[in-house]
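Asker: Got a predicted structure plus its sequence, pasted below:
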Amino acid sequence: MGKKGDNYKIDIVMTEKRITRALISVYHKEGLDEILKKLHREGVSLISTGGTQAFIESLGIPCEAVEDLTGYPSILGGRVKTLHPKIFGGILTRRDNESDRKQIGQYKIPEIDLLMVDLYPFEETVASGADESAVIEKIDIGGISLIRAAAKNFKDVVIVASRAQYASLMLLLEEKGAVTNQEERRWFAKEAFAVSSAYDSAIFNYFDQGDDSAFRVAVNEPKLMRYGENPHQKGIFFGKFEDLFEQLHGKEISYNNLLDIDAALSLIDEFDERTFAILKHNNACGIASRPAILEAWKDALAGDPVSAFGGVLVANEVIDREVAEEINKIFFEVIIAPDYMTDALEVLEQKKNRIILLRKQNGLQKRQYRSLLNGVLLQDRDVSIQTAADLEPMTQKIPDGRETEDLLFANKLVKHSKSNAITLVKNKQLCASGIGQTSRVDALKQAIAKARSFGFDLDGAVMASDAFFPFADCVEIAENAGITAIVQPGGSINDKLSVDYCDARGISMVKTGIRHFKH
């Protein structure tokens, strides 16, 4: 007896099968020509349909038409081409099943060992805004059926269901010729079922029209992280990061980096003025809006120069060399901006691990999911943005123009801070925030203590709360700290307690009617 490894190798060799006949029917021809030439050199017979057949023959490679094999033409405007026993029998026949072999011999059905097919561009057609009749015609029937049949019979058949697998097939052909083993065929089958399930999910979501009658999401771009939230946890990102960013420099992005980057985008998209923000653990520790981005950076950093260490930086303005030299004075992990001057990059790239991201124009999706309790929680992204017109006065005193601007600024920040949250703002600069506290009073006390520790004068500052005040304790603490204006959602049965306190002391309070919890 050999070792276990030797037996494994023997088992793999015993499952090797030669490809003698292939059915090729693809929508995308890019990268196909070299594969076809290699198959031809290996003596593989080709079967095809319509445009693919013409493409194959244009390469000087003989090809049998599906219509000649089945005895039926393409009918119903191309809806029925390959749906025939001579096609599906050749794919599904079990080579080691005597009954199957007798039947395909009786009906003169040729075995098909390799299937290359891709699907009509359904999602692209939906995204183009095409009318429903055009969308429906892009629901593939023959292709999806062929994929499932070949993948089911992976013991005998190789299925290439997408041009994303062309490179893998070509690598096999170059290394081994037209021979595959069961492990390789099983891998292609797995990839094929990923394609078919994603395709069906897209069709379901089109018909569901946001009714959420079932949860179907398919993403085909896995990226293995170095680790998850902690080194002992596995982490994988599924998504098209490159649709949102171009990474210009730096190390591989981590799981925690992605969480901070997502939070940074959500926050910065609230602001039209030139704004710079610094985030740590998904919360802003510094942010300011200013006429010049350099001043915005300096005032953002002043909000909490301690927490800024190792943070994620995000700006909505081009980064020039002067700004780059200033921010280069501290250690940070990630910077995000819509563009960078060439000489700015020369400065920022001095740290080899620093992640520099160029933001593209695409925005974040409008729905969010979270796994919990062995299920999935789905919600709409909080895209509610309050304006001055949404601030309803609750007190006798009305906030003045400067206070109103600061209240709107503070309300945007508290929306993106972990609950319970309080933000203190003055002159469009975050003085401090109290975040993630089980008590709103504790959140406020935390914010006041932090602001004072960094030398902020809170006289004339404003306060935002992510939820209502059930008692007057918070407004009393705020007033004693120098706060002159407050914004909150309102809606407590005890709103009057806070309003009466404010009226007695000349504080203005407005409500938005919109709560911004974030857990």
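Answerer: Nice, thanks for sending it over.
Asker: alpha carbons only for contacts and neighbour counts from here, please
Answerer: Will do.
Asker: element containing residue 477, please.
Answerer: Element membership for residue 477 (DSSP states H and E) is helix 473-481.
Asker: Please identify the buried residues of the helix or strand that residue 187 is a member of?
Answerer: Element membership of residue 187, judged by DSSP H and E, is helix 182-208. Neighbour counts over helix 182-208 (16 or more other CA atoms under 10 Å) mark 182, 184-186, 188-189, 191-193, 195-196, 198-205 as buried.
Asker: Starting from it, tell me the next helix or strand along the chain.
Answerer: Past helix 182-208, the next helix or strand by DSSP H and E is strand 222-224.
Asker: packing partners for the helix or strand following that following strand?
Answerer: Next along the chain after strand 222-224, taking DSSP H and E as the criterion, comes strand 236-238. On a contact count with 3 or more CA pairs under 8 Å, 6 or more residues apart in numbering; DSSP states H and E, strand 236-238 meets strand 222-224.
Asker: Report the strands that pair with the strand it packs on, each with its relative direction.
Answerer: strand 236-238 (antiparallel) (DSSP bridges).
Asker: tell me the mean pLDDT for the partner strand?
Answerer: Averaging pLDDT along strand 236-238 yields 93.
Asker: that older thread, and the helix holding residue 187, how far out from the chain's middle?
Answerer: 19 Å (CA atoms, centre = their mean, to the nearest Å).
Asker: And that helix, what does it pack against?
Answerer: The helices and strands touching helix 182-208, judged by 3+ CA pairs under 8 Å, 6+ apart, are helix 122-127, helix 142-152, strand 158-160.
Asker: The ones you listed: which one's closest to residue 268?
Answerer: For the helices and strands packed on helix 182-208, proximity to residue 268 was assessed by CA to CA; helix 122-127 is nearest, at 26.6 Å.
Asker: mean confidence score for the closest one?
Answerer: Computed over helix 122-127, the mean pLDDT rounds to 92.
Asker: Name the residues of it that are buried.
Answerer: So for helix 122-127, counting by 16+ other CA under 10 Å, buried means 122, 125, 126.
Asker: Quick one: residues in contact with stretch 283-297.
Answerer: Stretch 283-297 is contacted from outside by 263, 273-279, 299-304, 307-308, 315, 317, 319, 322-323, 327, 413, 416-418, 428-433, using CA atoms under 8 Å, 6 or more residues apart in numbering.
Asker: Which among the residues you listed count as buried?
Answerer: Here, 16+ other CA under 10 Å leaves 263, 273-279, 299-304, 307-308, 315, 317, 319, 323, 327, 413, 416-418, 428-433 buried among these.
Asker: taking those residues one by one, which sit in strands?
Answerer: 275, 276, 277, 278, 279, 315, 430, 431, 432, 433 (DSSP state E).
Asker: Format those residues as a markdown table; extra columns: pLDDT and distance to residue 286.
Answerer: Shown next, in a markdown table, are these (pLDDT from 0 to 100; distance: CA to CA, whole Å):
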| residue | pLDDT | distance to residue 286 |
| --- | --- | --- |
| 275 | 98 | 11 |
| 276 | 98 | 8 |
| 277 | 98 | 6 |
| 278 | 97 | 5 |
| 279 | 97 | 7 |
| 315 | 98 | 12 |
| 430 | 98 | 6 |
| 431 | 97 | 8 |
| 432 | 96 | 8 |
| 433 | 95 | 9 |
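Asker: nearest to residue 223, of the residues you listed?
Answerer: Looking at those and their distance to residue 223, the nearest is residue 279, at 23.9 Å (CA to CA).
Asker: The nearest residue to the closest one once chain neighbours are set aside in helix, strand or coil?
Answerer: In space, and not counting its chain neighbours, residue 279 is closest to residue 312: 5.1 Å by CA to CA, 6 or more residues apart in numbering. Secondary structure, DSSP: H, G, I helix; E, B strand; the rest coil: residue 312 is strand.
Asker: Residue 312 and residue 263 touch, don't they?
Answerer: No: between residue 312 and residue 263 there is no contact under CA atoms under 8 Å: 9.6 Å.
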